[in-house]
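**Q** Everything below, folded, please.
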Amino acid sequence: MDSEHLSVSNYCACFIDLLGQQDALRDEGLMPPLSNENDRQEFLKKVRQSVGAIETLQKQAEFLTQRSEHALSIRDQLTEEEIILYDEMKKAKVKQQRWADGLVFYSSLQTKDIKCPMSAVFEVFLLSGALCFLGLANKQPIRGAIETAWGVELHENELYGAVVAKSYELESKVAQCPRIVVGQRTIDYLNGYLAEKANAEDKLALYNRNLAVVCIRMTAIDQDGYHILDYLGKTFTESVTHSESRDLYKMAYQYICDQYDSHRSNRNSKLALRYTWVRGYFHQNRHLHA
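**A** Alright, predicted model coming up:
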């Protein structure tokens, strides 16, 4: 490592984990002989249940990223003067790092070259919330955590440092059920923009502040006291899922109920309680998706 060229900055990152992979691979080892077609098809079925689910998650993430960039782009409708300001606002980009059975969305928060880091933070919220909602609707649940801390990219799309450790810790130890936990450092970072005095002439500062307000409104405090990404809430629905939320809600809710019934029948109290928790969150917000 050449420390003279090491660039360290604060990052916002969301660590996302595809649930169920440990159970899917629990009894697996070397490939079976595959001496006949039945053995081959049985083995491929297991592969699809694990590797196929990961591939689907990656494709959904890629699709949502491209869709987000297209939906938020109004560049062609702007004047030359407005385009300069718009390009500055959109300079911050979300990167994606694939990680075994999950992935990490992240963006640097340094303001030397990027004046609107909140643009990317907002997109991290958008992408992770949409993936969590879609995961339940598609019967491939995820859980995750958004946190803010220092990090470094030793290589392109390879993030290391405290931000990865902290987001992973929240995902693995706190999230527990299909939800996106938002760490306290991230909440403090967002509140920092709200604490700054608004200057009507500084459009970039106002843009950062307004996006911070939207991100805060996209969070809620869950039953255990942790902030979560409120993907069923009014702000997220109006900003991201719109009319699509109704069909997604129905599919996701049915899957949640099926999972609860299954784990209850099998007397798996740990997972039954987790899906009871998620079902309660859906009950709380059902009026917004009727």
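**Q** which residues touch Gly183?
**A** Ala145, Ile146, Glu147, Thr148, Lys166, Ser167, Leu170, His227 (CB atoms under 8 Å, 6 or more residues apart in numbering). Yep, even glycine has a C-beta here, placed from its N, CA and C like the rest.
**Q** Show the pLDDT at it.
**A** For Gly183, the pLDDT comes out at 97.
**Q** rewinding a little: among the contacts of Gly183, which are located in strands?
**A** Among the contacts of Gly183, the residues falling in strands (DSSP state E) are Ala145, Ile146, Glu147, Thr148, His227.
**Q** related to what we said a few turns ago, now restrict the contacts of Gly183 to buried residues only.
**A** With neighbours counted using 16 or more other CB atoms under 10 Å, the contacts of Gly183 contain these buried positions: Ala145, Ile146, Glu147, Thr148, Lys166, Ser167, Leu170, His227.
**Q** which residues does the last one form a beta bridge with?
**A** His227 has these beta-bridge partners by DSSP bridges: Val182, Ile221.
**Q** cool, the second one as well?
**A** Residues in a beta bridge with Ile146, per DSSP bridges, are Cys14, Val182.
**Q** What strand or helix carries Val47?
**A** Following DSSP states H and E, the helix or strand that holds Val47 is helix 37-47.
**Q** what is the mean pLDDT for that helix?
**A** Mean pLDDT, helix 37-47: 79.
**Q** before we move on, what about stretch 208-217?
**A** Mean per-residue pLDDT for stretch 208-217: 94.
**Q** what's the spacing between it and its chain's center?
**A** Stretch 208-217 sits 17 Å away from the centroid of its parent chain (CA atoms, centre = their mean, to the nearest Å).
**Q** Same check on stretch 216-226?
**A** For stretch 216-226, the separation from the chain centroid amounts to 15 Å (computed by CA atoms, centre = their mean).
**Q** Which residue, other than its chain neighbours, is closest to the residue nearest the centre of the chain?
**A** In the chain, the residue lying closest to the centroid (CA atoms, centre = their mean) is Ser128, at 1.7 Å. With CB to CB, 6 or more residues apart in numbering as the criterion, Ser128 has its nearest non-adjacent residue at 4.3 Å, and that residue is Cys14.
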